[in-house]
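> One predicted model, sequence on top.
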Amino acid sequence: MNLNKEIGRILKEIRISKGMSVQYLSCKLDIDQDTLLDYENGKRIGSTVLEKICDILEVDKINVLEKAKLNAKYVIGDKKNLNKEELVIKFLEEKNEYELIELYKEIIENNSLMILLDEDKDLSVEEVYQILKIIRDLD
């Protein structure tokens, strides 16, 4: 996954969470729907357009970029030879979240719990981290 693809995925996630349709957001941006879909699917977004999208979505552009860089870091670069489980564990180690590492290992060993982290959902490392924190806080 490259950085542009991750930025698009995050923006799409935010758009959907705010109940905005592609039609609505593209109209507010004064671009056609296909262009917006291209951005959400990983086409490079210019800084000005990204700023406009973030303003309309009421999110901080810097936060979107930082989250995208963090997620992309755990998919590409020096960690590209690691599988998803190894990426999550490495991410948690770097955050000193050893309790969450144990929880994650318990979940991946238990088939009935793996539905929470089903690979078909294509969750980012950050999303897995958030899910694990929620599960931990339920105890």
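Cool, the structure landed.
> Can you tell me the centre-most residue of the chain?
S124 (4.9 Å; CA atoms, centre = their mean).
> which one is that one nearest to, not counting chain neighbours?
Among residues not flanking S124 along the chain, N71 sits closest, at 4.2 Å (CB to CB, 6 or more residues apart in numbering). Any C-beta I mention is one placed from the backbone N, CA and C, and that applies to glycine too.
> mind listing what the one you found touches?
M1, E6, I10, S124, V125, E126 (CB atoms under 8 Å, 6 or more residues apart in numbering).
> Please verify my assumption that the fourth one contacts A68.
So the one you mean is S124. No - taking contacts as CB atoms under 8 Å, S124 lies outside contact range of A68: 9.4 Å.
> shared neighbours, the two?
What both S124 and A68 touch, as defined by CB under 8 Å, 6+ apart, is the set E6.
> Now list the buried members of the contacts of N71.
Among the contacts of N71, those scoring as buried are E6, I10, S124, V125, E126 (criterion: 16 or more other CB atoms under 10 Å).
> closest to L37 among the residues you listed?
I10 (14.9 Å; CB to CB).
> how far away is that closest one from E127?
The gap separating I10 from E127 is 10 Å, by CB to CB, to the nearest Å.
> cool, and K67?
Distance of K67 to E127, given as CB to CB: 10 Å.
> Could you do L117 as well?
Distance from L117 to E127, by CB to CB: 9 Å.
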